[in-house]
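Asker: got a structure for you, letters missing:
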């Protein structure tokens, strides 16, 4: 190819693409494909392509660095290379691979797939065309084919891309551009954290950016609903779709700030017939919170799009920083294709049917790109994605979620974004029905203390409880609890009677807890370290009539009407040990314990838990987190926290050893490490 000696600077759009493609090499290309049924004159189409190359300098332009300093220039060639290829039959499978953005040569491949079946593919490096430029190229190619003589060219001369490039560079260098450049500096999104979806892999897999795609048509009913909702909100359809896309990104990520690139439309009449990389990715930013309504997001989106369009000619990232990867760029663009002419395009033979199969342009890297394409009264949604970060299953699920959110937004634009529907009917059934089929037959009914009693019968001589130098076997612990259960029964403790336990970790604490349950009562833990006013409130609110404590804590017990019994006094007074324990008629629906909430959001509330509920949890733990006779669990949580329940009863229902940390030991790291190491703690 011979070239003119004069070179032209790259446009700001080309410089941006050159920079991002050097950071993330891959397939940056503009393409279109057509299906033809009927008669097609191959030589006539070849001549039409030659005519197109003669008319548009950008189709015979290449990059050169002869300017020195590594700064490339655009050099216009004479276009003598043949860019048209015709193949038939089995040769159709041998298709050239994709090309990088710097490859300037136009390629038109005509494949004959049957007697009257053809496919025409048009491809151009993204450095030389965006989606609208590719649409223009195809329109003019078929228009040239439509001429009686394909070599007869239109007298109208289109705007050449190098002229646009020079005008764009001059505009940005002029003093008048400062207001526009200041606007974009104020709206620079690069200080915001990158947005990452929950279904996205942590890092890109593979060497280069090679996007994949699938598409689907919006059904007529939903499309009509989108049109009606857009009109009622005084918005365009593309703005409604964009707002829904931003809402979905917010819902599927952890970002309150969502930035989506949109691609500017050609608003100057002179650009209508031009081919080249003219469109720019403009960042649309919206800030979300849990209460924001969809209608407000749509209003902000519309206002932002109008404002960005006003200043679009002044947008450039020459003054902003692209770090070592392209992650600093918005990665989830939205494109609404505004084709100026309806498709299919016309051909000269009325018996020939020409149908556009696809038109796309990748002019910068992305993770997922949503393209909305109006065609023949319908709307197709194209989902382009980077397979290094997403698999096809997760993208199809995301597409279904978008359609569900879109339908939800049309139904009630005033709805909070956080409440817009995402689940399809199938997903909702799976979540609410299939995943909640958790019924398990544990073979009868159980109470909390009965789980311990059954284990004591199986392993009576195994060590059940250890604290400092004290040891109790399962039989000894069960016997002590039964004797004191009888005493508690004599004091009026029975089913659903709440008994306060204000005790530090100790052997008598475990005995007291089991005794309350065996007597049919429910225990209420009262942490000795709680403030006196909180303890008083809990005693009054729960109407406790009996409080079990220890002598060393007696002075901390606030004034109340309950009877106070010091358990350690009973343990050393043999005369108060009572034999002849009778089984109490307690059922799985009886109350097992009451634990108060922290009160951080208001007054503390007593949560009442039945034997059935906690036993179900413990039997599940025994199945999924089994313990054996060789295990030892370190109990270190206050009784006032619900985790203490499984810490106490999981080992005691399994034959393992329950080891109590000394009071305050949970805050002593050295003590905990030594205890775990010397006492054989496994859990």
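Answerer: Ah, there it is. Please read all numbers here as calculations on a predicted model, not as lab measurements.
Asker: From here on, just use CA atoms for contacts and neighbour counts.
Answerer: Fine.
Asker: ok, how many other residues are close to residue 59?
Answerer: Around residue 59 sit 27 other residues, with neighbours defined as other C-alpha atoms under 10 Å.
Asker: ok, it touching residue 105?
Answerer: Yes. In this structure, residue 59 sits in contact with residue 105. The criterion is C-alpha atoms under 8 Å, and the distance is 6.5 Å.
Asker: Could you pull up the contacting residues of residue 446?
Answerer: Applying C-alpha atoms under 8 Å, 6 or more residues apart in numbering, we find residue 446 in contact with 587, 588, 611, 612, 615.
Asker: now, which of those residues sits nearest residue 88?
Answerer: Distance to residue 88, by C-alpha to C-alpha, is smallest for residue 615 among the contacts of residue 446, at 73.7 Å.
Asker: Which helix or which strand is home to that closest one?
Answerer: Under the assignment given by DSSP states H and E, the secondary-structure element containing residue 615 is helix 611-624.
Asker: Mean confidence (pLDDT) on stretch 460-469, please.
Answerer: The predicted model assigns stretch 460-469 a mean pLDDT of 95.
Asker: Report the distance from that stretch to the chain centre.
Answerer: Its chain's C-alpha centre lies 49 Å from the corresponding centre of stretch 460-469 when counted by C-alpha atoms, centre = their mean, to the nearest Å.
Asker: excluding its backbone neighbours, what's nearest residue 121?
Answerer: With C-alpha to C-alpha, 6 or more residues apart in numbering as the measure, residue 33 is the residue that lies nearest to residue 121, at 4.3 Å, once sequence neighbours are left out.
Asker: hang on, that neighbour is in a strand, isn't it?
Answerer: Yes. Using DSSP: H, G, I helix; E, B strand; the rest coil, the secondary structure at residue 33 is a strand.
Asker: State the distance from it to residue 475.
Answerer: In this structure, residue 33 and residue 475 are 82 Å apart, going by C-alpha to C-alpha, to the nearest Å.
Asker: the helices in the stretch 551-683 of the chain, which residues?
Answerer: In chain order, the stretch 551-683 of the chain shows helices spanning 567-572, 611-624, 643-652, 669-678, with DSSP state H, counting those that start in this stretch as the criterion.
Asker: got those as CSV, with mean pLDDT columns?
Answerer: Rendered in CSV, the data for the helices of the stretch 551-683 of the chain read as follows (pLDDT from 0 to 100):
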stretch, mean pLDDT
helix 567-572, 69
helix 611-624, 92
helix 643-652, 95
helix 669-678, 94
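Asker: Deepest-packed of these, please.
Answerer: Mean neighbour counts were taken over those using mean count of other C-alpha atoms under 10 Å, and the top value, a mean of 20, falls to helix 643-652.
Asker: Which neighbouring elements make contact with that helix?
Answerer: Using 3 or more C-alpha pairs under 8 Å, 6 or more residues apart in numbering; DSSP states H and E as the contact criterion, the neighbours of helix 643-652 among helices and strands are helix 448-458, helix 611-624, strand 632-635, strand 657-660.
Asker: closest to residue 216 out of these?
Answerer: Going through the helices and strands packed on helix 643-652 one by one, with C-alpha to C-alpha as the measure, helix 611-624 comes closest at 43.3 Å.
Asker: elements contacting the helix holding residue 615?
Answerer: With contacts taken as 3+ C-alpha pairs under 8 Å, 6+ apart, helix 611-624 sits against helix 448-458, helix 643-652.
Asker: can you redo these as a markdown table with distance to residue 420?
Answerer: Below are those laid out as a markdown table (distance: least, C-alpha to C-alpha, whole Å):
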| stretch | distance to residue 420 |
| --- | --- |
| helix 448-458 | 42 |
| helix 643-652 | 35 |
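Asker: of those helices, which approaches residue 624 most closely?
Answerer: For the helices and strands packed on helix 611-624, proximity to residue 624 was assessed by C-alpha to C-alpha; helix 643-652 is nearest, at 11.6 Å.
Asker: starting at the chain centroid, how far to that closest one?
Answerer: 36 Å.
Asker: again with stretch 174-184
Answerer: Between the mean C-alpha location of stretch 174-184 and the chain-wide mean there is a distance of 37 Å, by C-alpha atoms, centre = their mean.
Asker: what do you get for stretch 9-16?
Answerer: Averaging C-alpha positions (C-alpha atoms, centre = their mean) puts stretch 9-16 34 Å from its chain's average.
Asker: let's number from 46 now, not from 1
Answerer: Happy to do that; since the first residue is 46 now, the last one works out to stretch 54-61.
Asker: and it, what's its mean pLDDT?
Answerer: If you average the pLDDT over stretch 54-61, you get 90.
Asker: For that stretch, give me every contacting residue.
Answerer: The list of residues contacting stretch 54-61 from outside it, by C-alpha under 8 Å, 6+ apart, reads 117-119, 172, 207, 210-211, 213-214, 322-325, 361-363.
Asker: circling back: closest one to residue 506 among the helices of the stretch 596-728 of the chain?
Answerer: Across the helices of the stretch 596-728 of the chain, residue 506 has its closest neighbour in helix 688-697 (13.1 Å, C-alpha to C-alpha).
Asker: Need the residues that contact the closest one.
Answerer: Contacts of helix 688-697 from elsewhere in the structure, counted by C-alpha under 8 Å, 6+ apart, are 496-497, 500, 509, 663, 666-667, 672, 677-684, 702-703.
Asker: Now restrict the residues you listed to buried residues only.
Answerer: If you count burial by 16 or more other C-alpha atoms under 10 Å, the buried members of the contacts of helix 688-697 come out as 496-497, 500, 509, 663, 667, 672, 677-684, 702-703.
Asker: list the contacts for residue 725?
Answerer: residue 677.
Asker: and it, how far is that from residue 506?
Answerer: The span separating residue 725 from residue 506 equals 19 Å under the rule C-alpha to C-alpha.
Asker: picking up where we left off before, measure how buried the residue nearest to residue 166 is and give me the count.
Answerer: Residue neighbour count, defined by other C-alpha under 10 Å, stands at 20 for residue 78.
Asker: Now do the same for residue 238: helix, strand or coil?
Answerer: Classification of residue 238 using three-state DSSP returns coil.
Asker: Now it, what are its backbone angles?
Answerer: Torsion angles at residue 238 (phi, psi; degrees, to the nearest 10) stand at phi -70, psi 140.
Asker: Equivalent analysis for residue 204, please.
Answerer: Per degrees, to the nearest 10, the residue geometry at residue 204, taken as phi and psi, is phi -70, psi 130.
Asker: The closest residue to it other than its chain neighbours sits in which helix or strand?
Answerer: Once flanking residues are discounted, residue 204 sits nearest to residue 319: 5.4 Å by C-alpha to C-alpha, 6+ apart. When secondary structure is defined by DSSP H and E, residue 319 falls outside every helix and strand.
Asker: My understanding was that residue 319 contacts residue 206; is that so?
Answerer: Yes. Between residue 319 and residue 206 a contact is recorded at 7.0 Å, counting by C-alpha under 8 Å.
Asker: ok, which stretches of the stretch 46-195 of the chain are helices?
Answerer: When assigned using DSSP H, counting those that start in this stretch, the helices of the stretch 46-195 of the chain occupy the ranges 57-68, 87-100, 176-191.
Asker: Tabulate those helices in JSON lines, adding columns for distance to residue 226 and mean neighbour count.
Answerer: Supplementary listing: the helices of the stretch 46-195 of the chain in JSON lines, determined by distance: least, C-alpha to C-alpha, whole Å; neighbours: other C-alpha atoms under 10 Å:
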{"stretch": "helix 57-68", "distance to residue 226": "13", "mean neighbour count": "19"}
{"stretch": "helix 87-100", "distance to residue 226": "34", "mean neighbour count": "20"}
{"stretch": "helix 176-191", "distance to residue 226": "25", "mean neighbour count": "22"}
